[in-house]
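Enquirer: Sequence and predicted structure below; questions after.
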Amino acid sequence: MKIPALILAFIFSHCVQASCQLEEYERFLNTQSLVMLEASVKLFEDDKDKFKTIKPFVKMEVRNNKLKVYIARKLSELNPEVLNLTGPIANLVPSVSVQIMPDGSIRDKVDLAMSADSFYRQEKAAMKPVEQLYLYHEGMTEKDKKRFLIARNSLSKHMETNEQFVFMKRAFTTSLESVCPVD
């Protein structure tokens, strides 16, 4: 009777552990989205032109944060070894995690693990042109790039004045293990 109870306790503690990690990651991403949205409202009040420039970028980041939460939840069920459980809270879903395939090609581990998920594929495909524009400045003229970077700098300054900004910064340096200790 003790062995089944121990197995159940282990499984339950593992679920609680994963739940804690997911909650911390989701809290970080939701805080980041909230801080960014509140900062964009302040930017709207200060300078409507900068707001118009930065609005699509903010929408992309909020959508990307929602997708990251979705990915973390799915990976915790399907393939938890892809998750970065020992790193900072902000890196639970690794940005870059490569795997060398048998044919010698290099693939992203998250993409591989999520390849069968149609929602993930649709979101990635829909966001790709916007990401290329705002993250890599592909298709931007020098004038548009300069205007975007100025607006993004203004957005960042407004974000830094938000009281939740400290928590958001902490997520880049605080490890998940320190917040969700392993028993």
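Expert: Everything's here; your move. Numbers count the residues shown, from 1 in each chain.

Enquirer: What about the closest residue to residue 47 other than its chain neighbours, how many residues nearby?
Expert: Distances taken as CB to CB, 6 or more residues apart in numbering put residue 154 closest to residue 47, at 6.8 Å, once the chain neighbours are dropped. Any C-beta I mention is one placed from the backbone N, CA and C, and that applies to glycine too. Residue 154 has 20 neighbouring residues, counting by other CB atoms under 10 Å.

Enquirer: Ok, the one 10 residues further on next?
Expert: Using other CB under 10 Å, residue 164 has 14 other residues around it.

Enquirer: you'd agree it is up against residue 37?
Expert: No. Residue 164 lies out of contact with residue 37 (CB atoms under 8 Å); the separation is 11.2 Å.

Enquirer: which residues sit against stretch 102-114?
Expert: Here stretch 102-114 makes contact (CB atoms under 8 Å, 6 or more residues apart in numbering) with 71, 74-75, 78-79, 82, 93-94, 96-101, 120-121, 124.

Enquirer: Ignore what I typed, I meant stretch 29-39.
Expert: Around stretch 29-39, the neighbours that count as contacts under CB under 8 Å, 6+ apart are 58, 61-62, 65-66, 68-69, 155-156, 158-159, 161-162, 164-165, 167-168, 171.

Enquirer: Pull out the buried positions in stretch 145-159.
Expert: Judged by neighbour count (16 or more other CB atoms under 10 Å), stretch 145-159 contains these buried residues: 147, 148, 151, 152, 154, 155, 158, 159.

Enquirer: mind saving the C-alpha coords of that stretch as CSV?
Expert: This file holds the C-alpha atoms of stretch 145-159, laid out as CSV (Å, rounded to 0.1, in the frame of the first residue of the first chain):
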residue,chain,number,x,y,z
LYS,A,145,13.2,52.2,-39.0
LYS,A,146,14.3,55.4,-37.3
ARG,A,147,10.7,56.4,-36.5
PHE,A,148,10.0,52.9,-35.1
LEU,A,149,13.1,52.9,-33.0
ILE,A,150,12.3,56.3,-31.6
ALA,A,151,8.8,55.2,-30.8
ARG,A,152,10.0,52.0,-29.2
ASN,A,153,12.5,53.9,-27.1
SER,A,154,9.6,56.1,-25.9
LEU,A,155,7.5,53.0,-25.1
SER,A,156,10.4,51.5,-23.1
LYS,A,157,10.7,54.7,-21.1
HIS,A,158,7.0,54.6,-20.2
MET,A,159,7.4,50.9,-19.4
